[in-house]
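> Take this sequence and fold it.
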Amino acid sequence: MQTTKTSQLITSRPVSNLRRASWACALALSGVVGVGAGVAGLLLSFLAAEDLVEPGSSVRLAVPMLIVLSLTSFMGFAHAMDRLQDTRDPN
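Residues are numbered from 1 along each chain as shown. Next up, the predicted model:
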């Protein structure tokens, strides 16, 4: 009797180009939003530190929101990278 390894039994399903393209779009969108929100948050924080913007304005609320948006976008970016890697053709 011949034994086979379990790794030889696993077969991958063919993945459509539409699915691959949608994850690539999600990757690009979340990367752009993450970088943009991060730069905007840092810029507003710098402007508030240099007293060019009134500290009592809505900057106190906008900076933490932009930082949270940036971090969650980067988490979405990492998830899209993982999913795009899974959809890669094994051949």
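
> Going by secondary structure, the most centrally placed residue in the chain is in what exactly?
Against the mean C-alpha coordinate of the chain, by CA atoms, centre = their mean, the closest residue is Phe77 at 1.5 Å. Remark: Phe77 resides in helix 59-86, with elements defined by DSSP states H and E.

> Run through the neighbouring helices and strands of that helix.
Under the contact definition 3 or more CB pairs under 8 Å, 6 or more residues apart in numbering; DSSP states H and E, helix 59-86 sits against helix 17-49. Heads up, the C-betas are built off the backbone N, CA and C, glycines and all.

> what's the model's confidence in stretch 60-73, averaged?
On average, the pLDDT along stretch 60-73 is 92.

> Just the buried residues of the helix holding Phe77, please?
62-63, 66-67, 69-70, 73-74, 76-77, 80, 83-84 (16 or more other CB atoms under 10 Å).

> Closest one to Leu47 out of those, please.
Within the buried residues of helix 59-86, distances to Leu47 taken as CB to CB reach their minimum at Val63, with 9.8 Å.

> Touching, that closest one and Gly41? I think so.
Yes - in this structure Val63 lies within contact range of Gly41 using CB atoms under 8 Å: 5.3 Å.

> per-residue pLDDT, Met1?
53.

> swap that for Gly31, please
95.

> List the residues that contact it.
Residues near Gly31 by CB atoms under 8 Å, 6 or more residues apart in numbering: Ser73, Phe74, Phe77.

> what about 6 Å?
Gly31 is in contact with Phe77, counting by CB atoms under 6 Å, 6 or more residues apart in numbering.

> coming back round to it: if I look at the residue nearest to the centre of the chain, what pLDDT would I see?
pLDDT, read off for Phe77, is 95.

> And it, how close does it get to Met65?
Phe77 sits 18 Å away from Met65, going by CB to CB, to the nearest Å.
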